[in-house]
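In: Could you work out the structure for the sequence below:
(4 chains)
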Number of protein chains: 2
Amino acid sequence: MAEEKREQKRSGKTGGDRVAAICTALRRAIIERALSPGDRLPEDSLGERFGVSRTIARSALGQLAAEGLVDLRRNRIAVVAVPSFEDARDIFDIRVDLERQVVRHLAGKLTEAQVKQLTAIVEAEHQARHCAEGISIRLATEFHVRLAEMTGKPVLIRYVTEICYRAGLSLAVFSRPHSSECAVNEHLELIEAIRTGPADKACALMDEHLEAVASRALLQSSGARSRDLMDILAPYTE
Amino acid sequence: MAEEKREQKRSGKTGGDRVAAICTALRRAIIERALSPGDRLPEDSLGERFGVSRTIARSALGQLAAEGLVDLRRNRIAVVAVPSFEDARDIFDIRVDLERQVVRHLAGKLTEAQVKQLTAIVEAEHQARHCAEGISIRLATEFHVRLAEMTGKPVLIRYVTEICYRAGLSLAVFSRPHSSECAVNEHLELIEAIRTGPADKACALMDEHLEAVASRALLQSSGARSRDLMDILAPYTE
DNA sequence: CATACAAAATATGTATGCACTTTTGCCCGT
DNA sequence: ACGGGCAAAAGTGCATACATATTTTGTATG
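Out: Here you go, the predicted model:
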């Protein structure tokens, strides 16, 4: 028992955790807005689509529900979660705290390779800016997740990642298209501040950035685009 | 199959979620230290114990793994998680931020009934102090969870609850017996500060309290009681 | 023509069976 | 005795079957 052997047999065939694969796919579909809040996720369909049984699909849904991305009610079809306005506000409040910790741990300690990696993401973000809305949003999220990963702290990574995805989902509910796209410049400034600046300065910038993202979406949108079919169709009823 | 239907007969068949029931039971067993970090949790045994099939037990384990209380590795028996020292530190760092938010939202806004409810918990904590170590720890955790619940913010409640349980588990690994028991007085002071005091004052007290709990355990223990069998047995190898 | 109601179609909840993996423990060669 | 290896036991991974719950569809009726 003195030694641990790496059992990395996960290539394609069996073994590679299929539940995790489905979770990853769904997370991405959600963050890219291929799936919208409220969209139905029947176990059968998922299983068929991913070539697994309901058992696996169900397990993946359970996992995503634990992450707050999916709403799971007894005997009911799972749906992509629909965060309330209050949820969105709370999610961003927590996000600010968590990411401040990330910045504090990283300030002045980024390696050259890390800076390059982050810059590459922002670059991709910039390129996807006009053609692919969904991709752009995913990359913006990935920027923050990567940042967290650079702390090397598993617990922090996990919570930041989860809260970032939930924030992205919240924005899908409350933000108008394109409202968060000026974030590209802010991301570049963040990299610079974290690389060079003192921790306090960098933290402040991150706070500012996140508050800006939240404000652009949460405050501007006059209290949520009501997803209720009745309200949506109101203007069309003659 | 054994003909035993020992429990779980609530509301006939449609039973309130049995997975959740098992999760609750296990969480409590862990926080009360009836289960220790590293203890094995075979699906069969759990299923038999709770009168359900492996399917349900497995699902519960998945849920707890998502909460960081259980370690789940492929083809291996699930075990109660064993947080590393770094994990424990990170968990407490995050906890401080989250609970500061709780206090900020609650400061000066506690109702009479809420104060009474909290006081009752601390009272029970005090009584359990000498006879039942596990119960005392659970009540201390419950105090913080209840506090979070009083914000009425589902997202915050969820994260605080989870992090409190993980913190409790961490203490099970790193703290010596009885090291966190003077917390009773601190809890009483907290109630008072939140009830009357300004938000900043109350937040500071909460920070202080949590840092104290963490310090008593994490710093005092000379760098973690290494759970590695090799190190543990070092003094015994004659 | 709108509504109520019944029944098919659809989906979830859970147990169980089988294949595969890990662990345990025994047996044998040295 | 001691260690190595092999086979049984124990445990997980996953699909499937069946019971139950929900949703939709179809139809009869006031």
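
In: Under a three-state scheme, what state does the residue nearest in space to the middle of chain A occupy?
Out: In chain A, the centroid-proximal residue (Cα atoms, centre = their mean) is A:Tyr165; its distance is 2.2 Å. Put simply, A:Tyr165 is helix when judged by DSSP: H, G, I helix; E, B strand; the rest coil.

In: Can you read off the pLDDT for whichever residue of chain A sits closest to DNA strand C?
Out: Closest to DNA strand C within chain A is A:Glu43: 3.4 Å, counting by Cβ to the nearest atom of the strand. All C-beta spots, glycine's among them, are computed from the backbone N, C-alpha and C. In this model, A:Glu43 is scored at 97, pLDDT.

In: Contact partners for it?
Out: A:Arg54, A:Ala57, A:Arg58, A:Leu61, A:Ala78 (Cβ atoms under 8 Å, 6 or more residues apart in numbering or on different chains).

In: Pick out whichever of those sits closest to chain B.
Out: A:Arg58 (8.3 Å; Cβ to the nearest Cβ).

In: and stretch A:59-77, which residues are buried?
Out: Buried residues in stretch A:59-77, counted by 16 or more other Cβ atoms under 10 Å in any protein chain shown: A:59-72.

In: These in strands, which ones?
Out: A:Val70, A:Asp71 (DSSP state E).

In: Now flag whichever of the buried residues of stretch A:59-77 is closest to chain B.
Out: For these, the nearest to chain B is A:Ala66 (4.0 Å; Cβ to the nearest Cβ).

In: Verify the stated contact: that closest one with B:Ala65.
Out: No. In this structure A:Ala66 lies outside contact range of B:Ala65 using Cβ atoms under 8 Å: 9.1 Å.

In: what angle sits between the helix or strand hosting A:Ser170 and helix B:154-174?
Out: Taking DSSP states H and E as the criterion, A:Ser170 maps to helix A:154-174. Using axes from the mean of the first three to the mean of the last three Cα atoms, to 10 degrees, one finds that helix A:154-174 and helix B:154-174 are set 170 degrees apart in direction.

In: buried set for helix A:154-174?
Out: A:155-157, A:159-174.

In: pLDDT below threshold where in chain A?
Out: Low-confidence segments of chain A, defined by pLDDT under 70: A:1-16, A:177-182, A:219-238.

In: Near DNA strand D, which residues of it are found?
Out: Within chain A, the positions lying close to DNA strand D (Cβ under 7 Å from any atom of the strand) are A:Thr14, A:Asp17, A:Arg18, A:Val19, A:Val52, A:Ser53, A:Arg54, A:Thr55, A:Ile56, A:Asn75, A:Arg76, A:Ile77.

In: Run a quick neighbour tally on A:Arg27.
Out: 24 (other Cβ atoms under 10 Å in any protein chain shown).

In: Could you check which helix or strand contains it?
Out: helix A:18-31.

In: what about that helix, near DNA strand C?
Out: No. Under the criterion of Cβ under 7 Å from any atom of the strand, helix A:18-31 makes no contact with DNA strand C; the nearest approach is 13.5 Å.

In: Now do that helix against helix A:154-174, angle only.
Out: Using the same axes, to 10 degrees, helix A:18-31 lies at 40 degrees relative to helix A:154-174.

In: buried residues in helix A:18-31?
Out: Those would be A:Arg18, A:Val19, A:Ile22, A:Cys23, A:Leu26, A:Arg27, A:Arg28, A:Ala29, A:Ile30, A:Ile31, for helix A:18-31 by 16+ other Cβ under 10 Å.

In: Packing partners of that helix?
Out: Helix A:18-31 sits against helix A:43-50, helix A:54-66, helix A:133-149, helix A:154-174, with contacts defined as 3 or more Cβ pairs under 8 Å, 6 or more residues apart in numbering or on different chains; DSSP states H and E.

In: Contacts (any at all) between chain B and the last one?
Out: Yes. Helix A:154-174 lies in contact with chain B when judged by Cβ under 8 Å from any Cβ of the partner chain; the contacting residues are A:Pro154, A:Val155, A:Leu156, A:Arg158, A:Tyr159, A:Arg166.

In: excluding its backbone neighbours, what's nearest the fifth one?
Out: The shortest distance from A:Tyr159 to any non-neighbouring residue, by Cβ to Cβ, 6 or more residues apart in numbering or on different chains, is to A:Leu98 (5.7 Å).

In: Now the element after the helix or strand containing the one you found, going C-ward?
Out: According to DSSP H and E, A:Leu98 maps onto helix A:85-106. Per DSSP H and E, the first helix or strand lying C-terminal to helix A:85-106 is helix A:112-131.

In: Tabulate the CA atom coordinates of that next one in PDB.
Out: Taking C-alpha atoms only, helix A:112-131 is exported to PDB below (Å, rounded to 0.1, in the frame of the first residue of the first chain):
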ATOM      1  CA  GLU A 112       5.000  33.300 -17.700                       C
ATOM      2  CA  ALA A 113       3.200  30.200 -19.000                       C
ATOM      3  CA  GLN A 114       0.100  30.900 -17.000                       C
ATOM      4  CA  VAL A 115       0.000  34.500 -18.300                       C
ATOM      5  CA  LYS A 116       0.300  33.100 -21.800                       C
ATOM      6  CA  GLN A 117      -2.500  30.600 -21.200                       C
ATOM      7  CA  LEU A 118      -4.800  33.200 -19.900                       C
ATOM      8  CA  THR A 119      -4.100  35.600 -22.700                       C
ATOM      9  CA  ALA A 120      -4.800  32.900 -25.200                       C
ATOM     10  CA  ILE A 121      -8.200  32.400 -23.700                       C
ATOM     11  CA  VAL A 122      -9.000  36.100 -23.900                       C
ATOM     12  CA  GLU A 123      -7.700  36.100 -27.400                       C
ATOM     13  CA  ALA A 124     -10.100  33.300 -28.400                       C
ATOM     14  CA  GLU A 125     -12.800  35.200 -26.500                       C
ATOM     15  CA  HIS A 126     -12.200  38.200 -28.700                       C
ATOM     16  CA  GLN A 127     -12.300  36.300 -31.900                       C
ATOM     17  CA  ALA A 128     -15.500  34.500 -31.000                       C
ATOM     18  CA  ARG A 129     -17.000  37.800 -30.000                       C
ATOM     19  CA  HIS A 130     -18.900  38.500 -33.200                       C
ATOM     20  CA  CYS A 131     -19.600  35.200 -34.800                       C
END
